[in-house]
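S.K.: got a predicted structure plus its sequence, pasted below:
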Amino acid sequence: MDNSAVHVKLEERLPKEITPLSYAVYIEPNIETKDFNGAIQIHLKWILDSKKIFFHAHSDLDINENQITLKMINKRNRTLSDNVSILRGSRVPRKSIFVLYLKEIVKKGFQCILELAFKGNILETPQGVFMGYYRNSSTQEKEKYLISNLKPNNARHLFPCFDEPGTKVPFVVSICRPKEYKTVFNTRLVKTIQHPLVKDNSLDFFGKTPPISTYTFCFVICKLQVWEKATPDDDALNTINIWSNKLDSNLLENIYKRMEIIYNYLNDFFNISLPLSKIDVVTIPDLPQIQYISSWGILCVRESELTKEGLFSIIKELIYHWVGIWITPSWWSEEILNKAIISFIASEIVIDINGGSEFNGKYPMTILYSLYYELSKRYPHSRIIGMKHEFNAFKTELTIRMIKSIIGKISFKNAIRHLINDYKYKPYDGIDFWRTLSKQAIYDKRIESDLNILSIAESWINKTRLPVIKITRDYKSGTATIVQKVYLRERPHDVPDKEQMLWWIPIALTRQDNIQFSNYSYVWMKMSKVILIDNMPSKNNFIIANPEEIGPFPVNYDNENWHMLSIYLQTDIGREVIPIYTRAKLLHDAWNLAFAGDLSFSAALNMTLFLRKERNHVVWNPVFTFIDQVGKRIENPSIRKKFDLYTLALLTPLYEDLGSENSNDDSWKSDWRKLTKQFLCRAGYLPCVHEAQNVFATWLSSKNASFNNPLPREFMCPVFKWGSMEEWMLGFKLIDQLSKYHLQSDRVFLVKMLAGCPSQFEKIHYLLEITMINNSSTLTETDLILIINMMSTEPAGYTTLLHFISENWTFLHKRFYNNKHVWDRLISCATGMISSQEGYELAKSLYDNNQGQFGSAKHIIERSLRNIKEEVIWSQQNMPVLNEWLERFLA
């Protein structure tokens, strides 16, 4: 699986007058000259009258027009009759399409055999047919191999074809190879002969494939060794062949067992076996750029991936044989849905097999939180197409998860089984998928017949945003008003058409007087902005909506409900009764809603009080992000000091309970301990600061002339943040020495720590002075950009930078104005994060006093000033509340 289909979503389709019925392909690669010859016979059928034949052929595929023939098939006896006259062939400009112009119109229903000869190049990059290299583990010699990667639309690099995912026909294939090599193809080898024309080469003939898309055509020519073991079930998969660079037999046995377990599990899950006689697992030591190439009957994988612990990745690749190859997305635009289906099913299976231990509790929270953050920005995806594709896949996967939660595990599984059974060897699209789910759910009486899962899903996947709901209870009447709106964290909230965006939202509720977290009944917001619900509990009992993150949307409540939740979570019974994901959700929603300006920071901070006794890493997972994000917004040193003390009070008991490092610890615990220590150090935890100072001093005194001792990276930031100016200066002097010994990675890290860690004005000011005014020979322009960027990550950095620019405008303008890259970054980093009134006045003064002098950075500072106005409003509303709460907490 990969994301390459994103680049071809908008490609034009071939005309539909003609369709292929089968291909007969001959390929003759030349490993030494890095090219190949080939020939193809395409069995064509005319759907409509036409005198043109359109097919795909990349511009680097040379088609010999003198050897093109088109022969009519006799309808009576199916023999080839006279040639159809071809006037000429030509390529469509700027497209990978070749057109043959015929002398006469061929009528609807007629069939022909089109024969073409072609030549192409073997590439070094993983598309089309490419060559790779690895070191033979026995001889230590460098070995070559050839492999085809035809996803998403690279079959046209290899042979002329109808290179569209929805076109699925059988292939008959023969491939030439040097005698010392082996060929692996989609189907079993039928026979091998001495090549009649190419010296020292063999010609392999393979069994006919079932109807497959061109991008699932695959072959490998290599010297890898095969390890095979017959499976006992003759009705299913007969053989798993593992090709490798002579991996240890015990390791191969383990890989086989893992593949067998997964394959048998998938057979049971889908209730239908793949019509495969074998799967060749080709483990390639140095497969470049990509980790897997999955095709019909072949799984090519980078060796390091297959030897890793965990099942998720390999399960995804095997599911892809059912959903992606056997049934196929009808067009590239459906690839996002296909990827989401596979990822969700793989996640469910991992959780079933091993409890999801390899996720460390991060599924689905990792993708959910990243989706919340990205889609609540003013400009999601930063206009990066690949990122947009990835987040659309996340959103679709979470929509599938929501639907599955509503209709139930059994109905979902049965729907997937029907989908595969109905569309095997055929293409499917999103409408087919959602309608299959809907039909099954109605049949199983999991949803009302008037609900349409297609409409529900489209309200989520067709928008670039997510909703948030606000539940306001009327404690006297026992009712509640639920309002939905677009979820926006990043200010200003001036998103076009936000008032028109509405979703089908399933509202699942649990309540304190009857608390349970299963078998929910749902109230639907049917594209309605506001609904009223009744039968609320008494005023002394809270409610929780969207428990366990059933749907990808945050939930806000009135202050009284938040208060009751905070009190309950501080009790042992509360933390025991409310499940892990729901505790994490309540915490995450409260902080993010406060950050967005939709909830008082007092209520959000009250929701953190239960953390003093909370010891589940999943619940703690979002806390570090919140501490980081809020800390970066506090420009007032007095409030920042109180916030650091709050952080210390929150994290110190946790760190002590986590105990010392232990080699037997699970990775989640090690990561949790490391993150806790990192944030304690940032907040000024004295044991950490003293340890860092001691390690740094020891390292300085023990380092030898060649700097063989590794830089103690873990301890650098605490030293430069909380240590003395003298210690900081010692660090600065190391830059030059690291340059002399060509320790570039350590040097870059050191510069980042010197610029991004300090909280004292004098350290930052000195670095700016020596970098921008004194023009230090120690630092390059690349260093300068790095320093500026790092200073924008902390209030002490960007406020000092803004003051420095204001004080030294004339000199800095003269030096950097004509260096657009530096100049723009300088203005952006100094003004882009300001959120206080004082900062706004300084930035506005800088702008007013230097009108007409900003050049390329004019739009940058003007945008910053507009944004700062919004942030100032947020700060004026929230900083006093934050300060007051912190004072009460610390008292």
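M.R.: That came through, no problem.
S.K.: for stretch 257-271, buried residues please.
M.R.: Within stretch 257-271, the residues that count as buried by 16 or more other C-beta atoms under 10 Å are 259, 260, 262, 263, 265, 266, 267, 269, 270. Just so you know, the C-beta spots here come from the backbone N, C-alpha and C atoms, and that holds for glycine as well.
S.K.: brain fart, stretch 862-869
M.R.: 864, 865, 867, 868.
S.K.: ok so, going back, okay if I get the buried residues of stretch 257-271 as JSON lines plus distance to residue 768, secondary structure and pLDDT?
M.R.: Formatted as JSON lines, those follow (distance: C-beta to C-beta, whole Å; DSSP: H, G, I helix; E, B strand; the rest coil; pLDDT from 0 to 100):
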{"residue": "259", "distance to residue 768": "58", "secondary structure": "helix", "pLDDT": "92"}
{"residue": "260", "distance to residue 768": "62", "secondary structure": "helix", "pLDDT": "90"}
{"residue": "262", "distance to residue 768": "56", "secondary structure": "helix", "pLDDT": "94"}
{"residue": "263", "distance to residue 768": "61", "secondary structure": "helix", "pLDDT": "93"}
{"residue": "265", "distance to residue 768": "60", "secondary structure": "helix", "pLDDT": "94"}
{"residue": "266", "distance to residue 768": "59", "secondary structure": "helix", "pLDDT": "95"}
{"residue": "267", "distance to residue 768": "65", "secondary structure": "helix", "pLDDT": "94"}
{"residue": "269", "distance to residue 768": "60", "secondary structure": "helix", "pLDDT": "96"}
{"residue": "270", "distance to residue 768": "62", "secondary structure": "helix", "pLDDT": "97"}
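S.K.: which one of the residues you listed is nearest residue 535?
M.R.: Nearest to residue 535 among the buried residues of stretch 257-271, counting by C-beta to C-beta, is residue 269 at 38.8 Å.
S.K.: where in the chain is the helix or strand with the lowest mean pLDDT?
M.R.: When the helices and strands of the chain are scored by mean pLDDT, DSSP states H and E, strand 225-230 comes last with a mean of 80.
S.K.: and after that one, which helix or strand comes next?
M.R.: Proceeding C-terminally, strand 225-230 gives way to strand 239-244 as the next helix or strand, assigned by DSSP states H and E.
S.K.: could I get the CA-only coordinates of that following strand as PDB?
M.R.: Output in PDB follows, covering the C-alpha atoms of strand 239-244 (Å, rounded to 0.1, in the frame of the first residue of the first chain):
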ATOM      1  CA  THR A 239       2.200 -22.700  -0.600                       C
ATOM      2  CA  ILE A 240       3.900 -19.700   1.000                       C
ATOM      3  CA  ASN A 241       7.300 -19.300  -0.600                       C
ATOM      4  CA  ILE A 242       9.700 -17.000   1.200                       C
ATOM      5  CA  TRP A 243      12.600 -15.700  -1.000                       C
ATOM      6  CA  SER A 244      15.500 -14.200   1.000                       C
END
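S.K.: just checking: what are the partner strands of that strand?
M.R.: Strand 239-244 pairs in its sheet with strand 225-230 (antiparallel), strand 278-284 (parallel), by DSSP bridges.
S.K.: over to residue 205. Which of the three states is it?
M.R.: strand (DSSP: H, G, I helix; E, B strand; the rest coil).
S.K.: list the contacts of it.
M.R.: Residue 205 is in contact with 173, 174, 189, 190, 191, 192, 193, counting by C-beta atoms under 8 Å, 6 or more residues apart in numbering.
S.K.: for the buried residues of stretch 862-869, which one is nearest residue 684?
M.R.: Minimum distance to residue 684 across the buried residues of stretch 862-869 is 28.4 Å, recorded for residue 868 (C-beta to C-beta).
S.K.: now the residue nearest the centre of the chain: which helix or strand?
M.R.: The chain has residue 390 as the residue nearest its centroid, 5.0 Å off, counting by C-alpha atoms, centre = their mean. Assigned by DSSP H and E, residue 390 belongs to helix 385-407.
S.K.: right, and the helix or strand after that helix?
M.R.: helix 409-423.
S.K.: that following helix: how far from the chain's middle?
M.R.: 26 Å (C-alpha atoms, centre = their mean, to the nearest Å).
S.K.: and the nearest residue to residue 453 once chain neighbours are set aside, how far is that from residue 503?
M.R.: Nearest non-adjacent residue to residue 453, counting by C-beta to C-beta, 6 or more residues apart in numbering: residue 438, 3.8 Å away. Counting by C-beta to C-beta, to the nearest Å, the separation of residue 438 from residue 503 is 17 Å.
S.K.: just residue 725 next, same as before
M.R.: Plainly put, residue 725 is 55 Å away from residue 503 if you go by C-beta to C-beta.
S.K.: the two: which is more packed in?
M.R.: Neighbour totals were compared for residue 725 and residue 503, and residue 503 leads with 22 against 12 (other C-beta atoms under 10 Å).
S.K.: which ones are touching that one?
M.R.: Shown in contact with residue 503 (C-beta under 8 Å, 6+ apart): 459, 460, 463, 467, 484, 525, 527, 553.
S.K.: nearest to residue 420, of those residues?
M.R.: Closest approach to residue 420 among those (C-beta to C-beta): residue 460, at 23.7 Å.
S.K.: quick one: contacts for the closest one?
M.R.: Residue 460 sits next to 395, 399, 402, 503, 504, 552 when contact means C-beta under 8 Å, 6+ apart.
S.K.: by neighbour count, which of the residues you listed wins?
M.R.: Top of the contacts of residue 460 by neighbour count (other C-beta under 10 Å): residue 395, with 25 neighbours.
S.K.: all helices in the stretch 751-891 of the chain, in order from the N-terminus.
M.R.: Ranges of helices in the stretch 751-891 of the chain, per DSSP state H, counting those that start in this stretch, are 761-768, 781-791, 795-807, 809-816, 820-831, 837-849, 858-890.
S.K.: correct me, but residue 46 touches residue 107?
M.R.: Yes. The criterion here is C-beta atoms under 8 Å, and residue 46 meets it with residue 107 at 6.6 Å.
S.K.: output the contacting helices and strands for the helix holding residue 390.
M.R.: helix 335-354, helix 365-375, helix 409-423, helix 430-443, helix 453-461 (3 or more C-beta pairs under 8 Å, 6 or more residues apart in numbering; DSSP states H and E).
S.K.: mean pLDDT and distance to residue 490 added to those helices, as JSON lines?
M.R.: Below are the helices and strands packed on helix 385-407 laid out as JSON lines (pLDDT from 0 to 100; distance: least, C-beta to C-beta, whole Å):
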{"stretch": "helix 335-354", "mean pLDDT": "96", "distance to residue 490": "24"}
{"stretch": "helix 365-375", "mean pLDDT": "93", "distance to residue 490": "9"}
{"stretch": "helix 409-423", "mean pLDDT": "98", "distance to residue 490": "35"}
{"stretch": "helix 430-443", "mean pLDDT": "97", "distance to residue 490": "30"}
{"stretch": "helix 453-461", "mean pLDDT": "97", "distance to residue 490": "21"}
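S.K.: appreciated, that's everything.
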